[in-house]
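S.K.: dropping the sequence and predicted coords here.
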Amino acid sequence: MNKQTSGWIGDTQKLLRVILGCLVLSGSLLFSTGAFALTLEQAKQQGRVGETLSGYLAPVKKDAETLALVEQINIARTQKYQEVAQKNHISTEDVAKLAGQKLVNRAAAGEYVRGINGQWMQR
C-alpha cells in the first residue's frame, strides 16, 4: 500500500466513524427529554417542533412548554456533537450538520422539517 492509498483509507475510516457516531447520536437524541412533561416524540407528533439541517431542533409553535423542550434538547445535542467532534478531530458544526441531515431524512410522516429555503414542510 502506498502513502496516497493509506491516506485515503484513513480518511474513509474517519468519515465512517463520524457517520456511525452521528447515527448513534441521532437515535439517542430522538428521545432525550429529561423530566419534561412534553416528550420530543409527542412534540413532533403534535407539530410543535421540527428537525433542521443544522442538526438542532426548532419550534414550529412557540408556547413556553415547546420552547423549554427545544432548549433542553438542543443543549443535550450540542454536548453530544462536541463529544463526537473531539473523538474524530472535526468541527462540532460538521458533526451537527451530518446529524441534521440524518434527522431530517428520518423524520416520520406528518412531522415537520425545515428545508434549505428556511420554510417548514410537513412530511
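M.R.: On my side now, so go ahead.

S.K.: what's the burial count for the closest residue to Gly100 other than its chain neighbours?
M.R.: Using CB to CB, 6 or more residues apart in numbering and skipping residues adjacent in sequence, the residue nearest Gly100 is Gly55, 3.5 Å away. Any C-beta I mention is one placed from the backbone N, CA and C, and that applies to glycine too. Summarising burial for Gly55: neighbours were counted as other CB atoms under 10 Å, giving 28.

S.K.: please renumber the chain so that the first residue is 480 from this point on.
M.R.: All set: I'll call the first residue 480, so the last point we hit is now Gly534.

S.K.: could you measure from Gly534 over to Lys581?
M.R.: Separation of Gly534 from Lys581 (CB to CB, to the nearest Å) stands at 9 Å.

S.K.: contacting residues for Ser570?
M.R.: By CB atoms under 8 Å, 6 or more residues apart in numbering, the contact set of Ser570 is Ala564.

S.K.: related to what we said a few turns ago, confirm the residue nearest to Gly579 sits in a helix?
M.R.: No. Using DSSP: H, G, I helix; E, B strand; the rest coil, the assignment for Gly534 is coil, not a helix.

S.K.: quick one: contacts for it?
M.R.: Neighbours of Gly534 in contact, by CB under 8 Å, 6+ apart: 556, 560, 574-579, 582.

S.K.: give the next helix or strand downstream of the host helix or strand of Ile552.
M.R.: Ile552 is part of helix 543-567, with elements assigned from DSSP states H and E. Using DSSP H and E, the helix or strand that directly follows helix 543-567 along the chain is helix 571-584.

S.K.: on that earlier part again, buried residues in the helix holding Ile552?
M.R.: Neighbour counts over helix 543-567 (16 or more other CB atoms under 10 Å) mark 545, 548-549, 551-553, 555-556, 559-560, 563-564, 567 as buried.
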